[in-house]
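> missing the sequence, but the structure's below:
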């Protein structure tokens with residue numbers, strides 16, 4: 001049995017070789033450079049610091065998509081994130097995934113959880129339908145920051161479907177919206193609030209929520225027969 005070291009240098013026996021204990025799959029916001037973006041990095045840092053995850057490895061996958069003003073290209077992120085989730089579920093079945101996104105990236109992550117393609121919506125090439133229900137068992141938590149409201153979506157792209165978190169993911173989703181943020185809140189009027197999620201404690205709150213969900217999911221996962 002291979003001995004695997006976590007980022008903190010603590011040996012972890014029984015882990016799938018080459019697989020993390022936890023993988024964060026995060027989609028950045030509009031205009032943020034490739035990577036997970038500032039809000040995403042704050043969330044990842046705070047997740048790794050949670051006591052429930054002490055001694056566990058936490059890998060990060062940055063969703064690959066343009067994150068531009070052309071909202072239709074958010075579909076590229078949905079395809080990439082969905083493919084990553086499916087791949088991890090197959091290749092690293094014991095890993096617990098945390099799906100997340102900020103702003104346009106929150107729309108991407110929300111769409112990934114969908115139960116079905118909305119009636120009357122014709123999806124772009126590459127999106128054939130929702131992920132298989134069994135995949136939801138591998139996603140321990142979903143963290144959304146500044147998810148665009150349906151009204152905001154309609155103002156930038158009338159063809160965009162509403163963002164509805166699927167039933168299999170709703171109970172393990174934390175949807176963070178600052179009341180003054182006009183992107184996610186119909187009553188919001190402070191553009192600066194949209195950048196405040198790492199400053200007002202919401203990324204830390206989401207990290208605590210996600211860590212608790214990961215710990216609960218890990219506690220119900222049967223250990224391999226040869227695990228110590």
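Cool, the structure landed. As the structure is a prediction and not an experimental result, all values here were calculated from the model.
> C-alpha from now on. contacts and neighbour counts both.
Noted.
> quick check, residue 161 in contact with residue 118.
Yes: Residue 161 is in contact with residue 118 according to CA atoms under 8 Å; the separation is 6.9 Å.
> pLDDT below threshold where in the chain?
Residues of the chain that meet the criterion pLDDT under 70 lie in 1-15, 221-228.
> residue 161 and residue 118: which has the busier surroundings?
Higher neighbour count among residue 161 and residue 118: residue 161, with 18 against 14, using other CA atoms under 10 Å.
> for that one, helix, strand, or coil?
Assigned state for residue 161: coil (three-state reduction, DSSP: H, G, I helix; E, B strand; the rest coil).
> ok, now how distant is it from residue 67?
To residue 67, residue 161 is 17 Å away according to CA to CA, to the nearest Å.
> and for residue 35?
Distance of residue 35 to residue 67, computed by CA to CA: 11 Å.
> got the phi/psi numbers for residue 24?
Per-residue torsions, residue 24: phi -90, psi 120 (degrees, to the nearest 10).
> who's more crowded, residue 35 and residue 67?
Taking neighbours as other CA under 10 Å, residue 35 and residue 67 compare with residue 67 leading, 25 against 17.
> my read is the more buried one is in a strand, agree?
No: counting by three-state DSSP, residue 67 is not part of a strand but coil.
> who's in contact with it?
The contact partners of residue 67, by CA atoms under 8 Å, 6 or more residues apart in numbering, come to 28, 29, 30, 31, 32, 73, 74, 104, 105.
> same deal with residue 100?
So, once contact is read as CA under 8 Å, 6+ apart, residue 100 ends up touching 24, 25, 26, 27, 40, 106, 109, 142, 143, 144.
> same check on residue 69?
Contacts of residue 69 (CA under 8 Å, 6+ apart): 30, 31.
> which phi and psi does it have?
Dihedral angles for residue 69 - degrees, to the nearest 10 - are phi -70, psi -10.
> go on, residue 122?
Residue 122 adopts backbone torsions of phi -100, psi 110, taken as degrees, to the nearest 10.
> and it, how far from residue 191?
Counting by CA to CA, the gap from residue 122 to residue 191 is 32 Å.
> next one: residue 97
Distance of residue 97 to residue 191, given as CA to CA: 31 Å.
> these two: who's more crowded?
Set side by side, residue 97 and residue 191 show more neighbours around residue 97, with 29 against 12, by other CA under 10 Å.
> wait, isn't the more buried one in contact with residue 140?
Yes: counting by CA under 8 Å, residue 140 is a contact partner of residue 97 at 5.6 Å.
> all strands for this protein, in order.
Under the criterion DSSP state E, the chain contains strands at 3-5, 11-13, 22-27, 58-62, 96-102, 139-145, 173-176.
> for the third one, packing partners?
Under the contact definition 3 or more CA pairs under 8 Å, 6 or more residues apart in numbering; DSSP states H and E, strand 22-27 sits against helix 37-48, strand 58-62, helix 74-91, strand 96-102, helix 104-112.
> over to the last one?
Helices and strands touching strand 173-176, by 3+ CA pairs under 8 Å, 6+ apart, are strand 139-145, helix 202-219.
> quote the end-to-end distance of stretch 98-108.
In stretch 98-108, first residue to last residue: 14 Å (CA to CA).
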